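Chemist: Mind looking at a prediction? Sequence and model below.
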Amino acid sequence: MATGVRFIILNSDESFAAQLRGLLLKLDGVKIAAEVDQPGMLGQIIHQVPAEILLLNLDPDPRMVLSLVGDLVTANPQLAVFATSANTDGKLIIEVMRKGIREFLPKPLDPGTLVEATERVVMQRSEKPPHGKLISILSGCGGQGSTTLAVNLAVELADVSGGRVVVVDLDYRFGQVATFLDLEPSYTLADLCNTVEQVEQSVIEKALIRHDTGVRALTRPSHLAQADAMTAAHCVGVLSSLVQFNDYVVLDGPTRFDVGAQSVLDLADLNLLLVQLLVPSVRNTVRIVDAMRDAGYNLDRLRLVCNRVGKESAHLSVDDVATTLNIQPTATLPDDWSTVGGAVNLGVPLLTYSPKSKVRQAIRDLAELLVAPPAESRPAKETKKGSKSRALA
C-alpha cells in the first residue's frame, strides 16, 4: 500500500463507525482526514480538508444519501469516491455508478477488496502522495511534560534527519510552544483557521516562525476569544497541508480526548501517549487506551512514553504501568526537573541548554528510533495483570 492515502468518510451510523475506522486504520499508509455524520456538512469539509478518497456509507437510506451528495461528487472530480451499503440491489448499484462513484463495496466490507480499490486510485494519480509523518503527543492529565517532549522531539528530529520539521501547538488557550522556544510569532494557528476553503501552502509558510535549530513552529492563538472559534475540521485541514510539504509534523496535543482529538488521531501516523508514574495519570491513560480500542483505532500506531522516571517515583514502576496498560513503553524519560526547568525558563531546547544531560539523550534516542525504526518493532506486548495493575485500572 502506498503511503499517505487520506480518506474523508461520510457515515451517519454510529454503530458502523468503529468497525469502519478500525478497518481503514489497519491498512498501511491510510489516514482518515475527516469523519462527517451529516451530508449537509460534507461540502464544507471537502473544501477545507485535502484528501484522495471520499467513502460514503449509504445506509440506512441509500437513495436519500445519493440525492444529497450527487452534485458534490460531480463537482469534485479530484476525489475518488467509494460507496458502501448492505443493499446490493442491481438498480441501486447502477444509480451509484451513474452518480460518478468509482467503487461500490458491499457490506460486510472485505479488507482485500478495499485494499485493491485504494491501490487502483493511487496508481492512477499523477502526483505523489504526501510523504511526511504526523506525530501527536497526548496525555491523560495536565502537567505531564507534553510540551517539553513535543518541542525537544521536534528539535532532535530536525537534527537527526536533516529534514523539514514543524511543531504545532494544539493547546489553543494556554499552549506554551512559543515560550519554550522564545519565539514571538506574528501569525498563529488561528490565522489559518478562519476560512472555509483549503489553506494554500504559501499562506501556511507565512504563518510558521523559524527557530535557530531549523524547526518551525505554528503556535496557539494570541487571544482566548480566537480559541473558541476554532474547530477540529479547520485544524485537520491545516495539519493535512503541513504533512504534504514537511518530513515531520510534531503536535503538542491534542489536550483532550474529545471529538476534536479523535479527528487528529485519525490523521496521525504515530500517537505518543505520555504517562507519569502516578496513579491519576495511569488511570486516565487506561481510559484513553480503552476508548481508542473501542473506537476502532489501530493501537499499532500508539507508542507509550513514561516521563519523569527516577529513584523517587514512589511505589510505581515502569513495569507496573506496562502491565496495567498491556503496552510496553517505547521510551522512558528520566526525572531531571532542574535541567528541564532551566531550559524552559531560558526558552531554549535541551540540545542547546544541556546537550549531555540524560533527559536530552533519552529524547534524542526516541527521535532516532522514529527516524529509523527497527524492522521487528513491536509497539504492544501481551502481559499478565497483577493485583497492583488491577488497582491502577
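Modeler: Received it, and whenever you're ready, just let me know what you need. The shown structure was predicted, so the numbers you read here are calculated from the model rather than taken from an experiment.
Chemist: so where's the stretch 151-300 of the chain uncertain?
Modeler: Within the stretch 151-300 of the chain, the stretches with pLDDT under 70 are 194-198, 231-234.
Chemist: Not counting its own residues, what contacts the helix or strand hosting V236?
Modeler: In the assignment (DSSP states H and E), V236 maps to helix 232-245. Judged by C-beta atoms under 8 Å, 6 or more residues apart in numbering, the contacts made with helix 232-245 from elsewhere in the structure are 4, 6, 33-34, 44-45, 48-51, 130, 132-134, 164, 166, 168, 170, 189, 192-194, 198-199, 201, 204, 218, 249, 251, 259-260, 263-264, 266-267. C-betas here are computed from N, CA, C, even on glycine.
Chemist: go on, stretch 187-204?
Modeler: Contact with stretch 187-204 is made by 44, 47-50, 168-169, 172, 206-207, 209, 218-223, 226-227, 229-231, 234-235, 237-238, 241-242, 244-245, as judged by C-beta under 8 Å, 6+ apart.
Chemist: which stretches of the stretch 1-150 of the chain form strands?
Modeler: 5-10, 30-36, 53-57, 80-85, 103-106, 133-139 (DSSP state E, counting those that start in this stretch).
Chemist: Relative to T148, which of those is closest?
Modeler: When the strands of the stretch 1-150 of the chain are ranked by proximity to T148, the top entry is strand 133-139, at 9.8 Å, counting by C-beta to C-beta.
Chemist: what inclination does the closest one have with respect to strand 30-36?
Modeler: In this structure, strand 133-139 runs at an angle of 60 degrees to strand 30-36, with axes from the mean of the first three to the mean of the last three C-alpha atoms, to 10 degrees as the basis.
Chemist: ok, back up a step: does anything pack onto the helix or strand just after the helix holding V236? Which helices or strands?
Modeler: Past helix 232-245, heading to the C-terminal end, the next element that is a helix or strand (DSSP H and E) is strand 248-252. With contacts taken as 3 or more C-beta pairs under 8 Å, 6 or more residues apart in numbering; DSSP states H and E, strand 248-252 sits against strand 133-139, helix 146-161, strand 165-169, helix 232-245.
Chemist: Out of the strands of the stretch 1-150 of the chain, flag the one nearest V340.
Modeler: Once those are compared by C-beta to C-beta, strand 133-139 is nearest, at 15.3 Å.
Chemist: Next, the angle helix 146-161 makes with that closest one.
Modeler: 150 degrees.
Chemist: Tell me what angle strand 133-139 forms with helix 232-245.
Modeler: 140 degrees.
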